[in-house]
Structures are given as C-alpha cells and as structure tokens.
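>>> Sequence below, structure please.
(2 chains)
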Amino acid sequence: MSLLERLGYRLEQRPVPPGRVVFLVTVGAIVAALIVTGIIFSLFGVNPFYAYATIAERTLFNFRGFTEVVRKSIPLLLAGVGLVLAFRAQFWNIGAEGQILAGAVAATGLALFVPLPVWLMIPGMFLAGFLAGGLWGLVPAYLKVRLGVNEIITTLMLNYVALYIVRWLINGPWKGASATGFSYSDKFDRAIWLPTVGTTRLHWPTLLLGLVLALFVALLLSRMQLGFEIRMMGQSPEAARYAGVNFLRTTLILVLFSAGAAGLAGVGEVAGIHHRLIEPNSISLGYGYTAIIVALLARGSPLAAILSALFMGLVFASGDIMKVALRLPFQITGVINGLILMFVICAEPFLRYRLVRLSAEHRRGLNGRGVESAD
Amino acid sequence: MRRTVLVLLLLLGFALAQSDTLKVGFIYVGPVGDAGWTFAHDLARQKTIEALPNVETIFVESVPEPEVEPFIDQLVAEGAQVIFATSFGYGDGVLSAAERYPDVIFGHASGVERAPNVMTYMADFYQVYYLNGLIAGALSESNKLGYVAAFPIPEVKRHINAFALGAKEVNPEAEVEVVWIFSWFDPAGAKEATEALIDKGADVFAFTEDTPTVIQTAAEQGFPSFSHYASMLEFSPDTVASGQLVNWETIYIDFLQGVIDGTYTSENLEDLDYFWLLQDEAVEAAAAPGVVINPVHEEALRAAIIDHPEFGEISVYDLVFERLAQMEVAEPTFDPFTGPLSDRKGNRVYAEGEQATLAELLSLQWAAENVVGPWEGEP
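A predicted model of the protein is given here:
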C-alpha cells in the first residue's frame, strides 16, 4: 500500500486536462522555477526582486527589448509548429535544424543568382525555402514509409549533411567576392531584405507567416480530412490502415508542411537578419533543436506553440540581460535557463494525473482491516 | 518600494554618467577562462583599468556572433560610451548598431569595415608565427609540422604561411600539415585534429584555437608546441617551446587615451585601423611573458647550425633573436613576406625583394610551398 493511499488519496489518470488546469500547472511551474532561480541570484549577490524587475523591464516593458524577444521566437515558432504537426502523426522529425539550413540555402541561391523582379523576390525566397526545407524532410519520410528506416536517425543525420553543404558553399562556389577571403556569401541587395519594424531586427513578414501557419495547422488538424488522417495515423496506425489511409501520401504531405515550415524559418534568418549566407551555426543557433522543446511544451497544439515559442524567446532574452545588466557569469545564465525549462517540463505529470481523495468507505476499509475492499 | 529602488538606481546612473568616468563595454566571443583569445582580451581590459583610472568597464562573455546586436543594446542601456566587439563575426552587427547609436564609439577587433564611429584593430602575429616556424623547423625530427587551424580566412592562412616560411628557412625539408576544425573554440575538435596529425607523423605543433588543448594533446607524446594568445607554458612546462603572446592593452590604452583627450570622437574613426605588430609591442614571441625560448629547448636550438644566406653559419637559437631584433625596431628591416616567394602551385607571388603590402596580407589567399592539406579558396 502506498503512502498516498495511507493518507487517503490516490493518483488517477486525467484523460484531457482542462485549460484551467494547464494554465494553473504551468504558472505553478514557472513560479517554482522563479523561486529556485531567485535563490541562485541571491547566492551571486543579486537581489532577486531587482533581478526580475530588471529582466521584466528590459524584455516586456521596453520596445526594443520586446521586439528582440519576439524576433528570437520567430524561427522557434515556424519550426515548432511544423514539429507539432509531425509529432501528432508520430513522425519524429529531429531534422528541423537541417531543414532551416536548406531553406536558408534556397533563399540565398535565389537572392544572389536568379534575376527576379524585386516585388517577386520576397515571396519567391519564401516559396523556395519552403520547398527546399520540405524536400529535406521528404527523403526521411519516404524512407520511413517505404523501407521502415527510423526517421529519428535519418532526419538527425541530414542535419549534418545540410551543415556541411552550407559550409562548402560559403567557402567554395558561393564565397562572396566582397568577402575578401572570409567565409560568407555576398550580401543580398538591400531592396530584397525583409522589412523590419522600425530600426529593430523584427522581420515581421516571417512572424506573420508563422502566425498564419499556426492557425492553418490548427484548422488542418481539427477541421480537415487530412488532419483527421494525420491524427489517426498518430493515435492508432492500425485503425488508420483499416480505414484506408494512404500512409505514403499522407506522410509525404504532412512532412512537406512540417519541414517546409522550418525552411521558412531559414529564409527569415538569412533574408531578415544576416542578409547573406554565413556559418551554419550562426544562421541557426540550434533553433531546430530548441523547436523540439517548443513543440513538446505546446502539447500537440499549434496555437499553443505560439505561446511556447514566445516563452522560449523570453527565456533566451532574459539570459542575455542577466549577462549584461546583472553581470552574472554566462554559465549561470545557462543553468538558470535549463532550470526554468526543467520545471516546466517536469510539471507535465501534473497534467496527466490528478490526486483523488478516496471515498470515506474505502478509507474506513483501509484503516479498519488493512486490506482493500473490493468495491 | 521596488519602484523607489528603480528610481534611485536611475538617479545613480545619471549621476555616474555626469561624472568624468568613461564607461567601456567589452563583448567577448568565448568564456574569459578560455586561456586564449578571450582570456587575453580580458587580461588587457584589467590592465587598461589599472592604467586609466577613469575608465570603468563592463564585459559580456560567450556572445554568439549573430547575436551581438541585442548585447550592444544592453551595453548602451548600461551607459557604455565605448564598446569593443572582439570577434570578426560581430562585424555586421557592430556596423548596423553603430548607425543606430551614432554617439557611441565602437572598436571591432580583426574587423575590416569601418564607419565614422567604428574603428578596427588587430594585434597580428604573422611575424611571431614566422619566428615560431624557425624553431619548429629545427625541432622537428620527422620534418612534419602539425597545424590545427580554425577557419580558412586570410588571417589564419597568413599565420600558417608565415609559420611554414620560417620552418622552410631553417629546414628545407619541413612541411606544414594543416587540419581545419572550423571553430575558434572547440577543445574536442582540437584534440581530434591533433591526434590525426600525430598519426600522420607530425612532431611539432602550432594552432589557432582558443584553448591549450593542442599543447596538452601533443605533450602526451612529448611533442613541442607553442603558446597561443596567452601564456600556456604552465599547461606543459617541458614542451611549450615558444609562442604567440598578445598585449591588447597597448591598443586599448592608446585608443582610450585618445578618446579621453578628444583625439578620437564618434565622427573621425573612418580611417582608424590599428594593425599593431612586434614593433608596436602589441605582440610578443614567447612561451610566457619574457620567455622567448623555453630553456628546455635552448640546447637543441643552439646545436642546430645552418648555413644562412644572410647571416652565414648560425645556430637557429641565434637566428631567432637576430630576426626578432630586425622586426622589433620602429622601422623593421625584415619582413617574412618578402620575395622571392612562390605558392604551392608554383606561381610566383612576390619577386626578389618585393614585399607584401598590408592590403595583400589582409586578403591573403595563397598557400606557401611547404603547406600540405586542404586549402579552401586557393587561387
């Protein structure tokens, strides 16, 4: 008999956690994380209230700071929504990083070498990036459905292929004439840079695409035939097979969207921020991997991915502020970021289970005879 | 209560801004404890505060290159009037932030593009690598020198070539085998690269990476190596033969002094490029400050006698000091990149007596004759 039962409680699985519970549990986890990080702040001689006030002031209540939070969340949102879609179908796409790079390469190729009219260039770059990212995902998708090759391995490995292709391009054929020997491509023409909000780095067209995509995927999953098939494939592949779902077709389409979304993120990074192809690890600071956390935190909901992407953007931006304004060592900001994430992820069981007080009779039974009644 | 604290802090901030202190921000690409590039910049920052009491500094470590802009925003918000960005990859971010903050003065280490409020600076090692090459060429028994290199950019290529030219001067058989690790800070990659070079037979090691990893890995076999950026002698007292040390503070102090007395403003930096060398005391050929050649290696280098076209019969030990003396004076009488020089494809790069210009050094692409290994962007 467990301790819980002695106390008169037991754990019960909760089928679908209501929104109120999700909200309360998440807030609870964040508060717990803030208390623990507050202790760390104190240990480093920083008043935790001052620390949180400074962080809030510079991220949420400062225009530039806030645009940076949002900007950091853009690639996480696009790639994250794509992953939510893939994960719903139990397609474990770990390759968003490579798909981001594929999108960046396609956009750069178009921007530097294809003489399109300026008005067509920006939509063209996004389309090319979407297709390139999608293509990068289609290979593992095809291999999985046709040959049963584990997609976790193939998508992950293709990340490295993409990374080395970018490196080869910027050191070889696409090395910029203006780069005086350094490893990056020429700069894009200023006319085809993505517009930003004022002088900030917030490239809003990519943000808009991310929001539209999140809405679209939400509709797809809840209202469309294809979305139904995707969910069925994820929840019960056998049933899906009986129902006549074409696995190859459905998987290819969903992965095209999932990986294509990451490709769009890559376009945003090169056309909106760097304006040229640079070191792969500088194009994407691990966004493809962080997007996995974004998708997991979103718990299968594309709209929730908007919130979780913003949350991750805020966590990263706060780390930056801790380094400069609070003068904390960078390792500590890493520890704090890790702790916050851990608390949020560890709150997951609280959503899936609830504590139930045993019935009075049951408790009496336990106390009286020490054996469970067979009710 | 909290609001009161904030207001008080703001007032304090204004009070500080009104006083005579110059607030200087430093942005580092690695951790200050890397024992290499960033460590050297941070040491210089501390020496700068000692030399210029009115200077107050703030530093941020491990800032990823594409993320430099928000950090500049933060530093400006903290009241920084001068900001040093200490990595090449910060260039685009610095230039765009400089447009946004026209009153803030920026310094971009190893940068190439300037603006009215952005100067560039570099303490360059090519002469020092040449001197290290002399030593390496004499110490090698296999005639294979290993070079663990960061990125195939002109700065690194220039240093590899200088090292190879030095080695060739004392040992015509010496070859420099290069492995690229595509990172400035990657101890694991540097270890792997060193082991690969050892497998290929290399027995003396130079590198461009910000940790003492190459030194430590080579030392396991007892192979000599060279300090890079900061003294790494303590990591292996018996194998660090010499090295490249930097004194960034010579540049920081000179520049900030100029800012304090008004010589340098946010409007006149367009043409200001510090490219400081041995003669400017910005760099030093030594295993640790003052230790040009590790006494452990003195005997071997004294015993290595060569017939030199300029100095006649001379030991490599003496040759190092002769060359050092030629390059340390205000008007150097020797430069490693002086013709006749050919690249490894057989093209003549500099004719007899012709010397590389600064612009050519900054965009150097060719590989010296005795360099072996991949070389992206080779002309």
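>>> Which phi and psi values does the nearest residue to B:Val372 once chain neighbours are set aside adopt?
With CB to CB, 6 or more residues apart in numbering or on different chains as the criterion, B:Val372 has its nearest non-adjacent residue at 4.7 Å, and that residue is B:Glu177. C-beta: built from backbone N, CA, C; applies to glycine. In terms of degrees, to the nearest 10, the main-chain angles of B:Glu177 are phi -90, psi 120.
>>> Could you report the neighbour count for B:Glu177?
17 (other CB atoms under 10 Å in any protein chain shown).
>>> distance of the residue nearest the centre of chain A from chain B?
In chain A, the residue lying closest to the centroid (CA atoms, centre = their mean) is A:Ala291, at 2.3 Å. With distances taken as CB to the nearest CB, to the nearest Å, A:Ala291 is found 17 Å from chain B.
>>> who's in contact with the closest residue to that residue other than its chain neighbours?
Take A:Ala291 and drop its neighbours on the chain: the residue closest to it by CB to CB, 6+ apart is A:Ala79, 3.6 Å away. Under the criterion of CB atoms under 8 Å, 6 or more residues apart in numbering or on different chains, the neighbours of A:Ala79 are A:96, A:99-100, A:261-262, A:265, A:287-288, A:291, A:294.
>>> Tabulate the residues you listed in a markdown table, adding columns for secondary structure and pLDDT.
What follows is the contacts of A:Ala79, written out as a markdown table (DSSP: H, G, I helix; E, B strand; the rest coil; pLDDT from 0 to 100):
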| residue | secondary structure | pLDDT |
| --- | --- | --- |
| A:Ala96 | helix | 97 |
| A:Gln99 | helix | 98 |
| A:Ile100 | helix | 98 |
| A:Ala261 | helix | 97 |
| A:Ala262 | helix | 98 |
| A:Ala265 | helix | 98 |
| A:Tyr287 | helix | 95 |
| A:Gly288 | helix | 95 |
| A:Ala291 | helix | 95 |
| A:Val294 | helix | 93 |
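>>> any chance of those in CSV, with distance to B:Ala359 too?
Formatted as CSV, those follow (distance: CB to CB, whole Å):
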residue, distance to B:Ala359
A:Ala96, 42
A:Gln99, 41
A:Ile100, 37
A:Ala261, 45
A:Ala262, 41
A:Ala265, 39
A:Tyr287, 38
A:Gly288, 40
A:Ala291, 44
A:Val294, 47
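>>> List the residue ranges of the stretch 51-200 of chain A that fall below the pLDDT cut-off.
For the stretch 51-200 of chain A, the stretches with pLDDT under 70 are A:178-181.
>>> before we move on, back to that, what bridges to the residue nearest to B:Val372?
For B:Glu177, the beta-bridge partners under DSSP bridges are B:Gly146, B:Val372.
>>> Would you check how far apart it and A:Ala347 are?
Plainly put, B:Glu177 is 53 Å away from A:Ala347 if you go by CB to CB, to the nearest Å.
>>> Is stretch A:319-328 in proximity to chain B?
Yes. Contact of stretch A:319-328 with chain B (CB under 8 Å from any CB of the partner chain) involves A:320-321, A:323-325, A:327.
>>> which among the residues you listed end up buried?
By neighbour count, with 16 or more other CB atoms under 10 Å in any protein chain shown, the residues of stretch A:319-328 next to chain B hold A:320-321, A:323-325 as buried.
>>> Let me see the domain layout of chain B.
Domain assignment for chain B by automatic domain parsing gives B:2-124+B:248-280, B:126-245+B:284-372.
>>> for the last one, how far is the first residue from the last?
Distances were taken as CA to CA, to the nearest Å; on that basis the terminal residues of domain B:126-245+B:284-372 are 19 Å apart.
>>> Tell me the one of the residues of stretch A:319-328 next to chain B nearest chain B?
Distance to chain B across the residues of stretch A:319-328 next to chain B (CB to the nearest CB) is lowest for A:Val324, with 3.8 Å.
>>> contacting residues for B:Glu99?
Neighbouring residues of B:Glu99 by CB under 8 Å, 6+ apart: B:Ala115.
>>> Then the one 3 residues further on?
Taking CB under 8 Å, 6+ apart as the definition of contact, the neighbours of B:Pro102 are B:116-117, B:266.
>>> now the residues you listed as JSON lines including secondary structure and pLDDT?
Converted to JSON lines, these look like this (three-state DSSP; pLDDT from 0 to 100):
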{"residue": "B:Pro116", "secondary structure": "coil", "pLDDT": "96"}
{"residue": "B:Asn117", "secondary structure": "coil", "pLDDT": "96"}
{"residue": "B:Ser266", "secondary structure": "coil", "pLDDT": "95"}
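>>> Quick check: of these, which has the highest neighbour count?
Neighbour tally across the contacts of B:Pro102 (other CB under 10 Å): the maximum, 26 neighbours, falls on B:Asn117.
>>> pretty sure A:Tyr289 contacts A:Glu97?
Yes. Counting by CB atoms under 8 Å, A:Tyr289 touches A:Glu97, with 5.9 Å between them.
>>> Tell me which of these two has more neighbours.
Shown here are A:Tyr289 and A:Glu97; by other CB under 10 Å, A:Glu97 has more neighbours (29 against 15).
>>> How about the contacts made by that one?
Going by CB under 8 Å, 6+ apart, A:Glu97 touches A:159, A:162-163, A:262, A:284, A:286-289.
>>> Out of those, who's the most crowded?
Taking other CB under 10 Å as the neighbour criterion, A:Ala262 ranks highest of those with 36 neighbours.
>>> so what's it closest to, chain neighbours aside?
Among residues not flanking A:Ala262 along the chain, A:Gln99 sits closest, at 3.7 Å (CB to CB, 6+ apart).
>>> Tell me who's in contact with the one you found.
Residues near A:Gln99 by CB under 8 Å, 6+ apart: A:79, A:82, A:133-134, A:136-137, A:162, A:259-260, A:262-263, A:266, A:288.
>>> go on, B:Phe125?
Taking CB under 8 Å, 6+ apart as the test, what B:Phe125 contacts is B:159, B:162, B:244, B:246, B:283.
>>> And for the first one, the neighbour number?
Neighbouring residues of B:His159 were enumerated by other CB under 10 Å; the total is 27.
>>> for the fourth one, same thing?
Other residues near B:Val246 come to 25 when the count uses other CB under 10 Å.
>>> Other residues contacting stretch A:289-296?
Under CB under 8 Å, 6+ apart, the answer for stretch A:289-296 is A:75-77, A:79-84, A:87, A:94, A:96-97, A:262, A:305, A:308-309, A:312, A:341, A:345.
>>> List only those of the residues you listed flagged as buried.
Buried by 16+ other CB under 10 Å: A:75-77, A:79-84, A:87, A:94, A:96-97, A:262, A:305, A:308-309, A:312, A:341, out of the contacts of stretch A:289-296.
>>> Right, I'll call it a day here.
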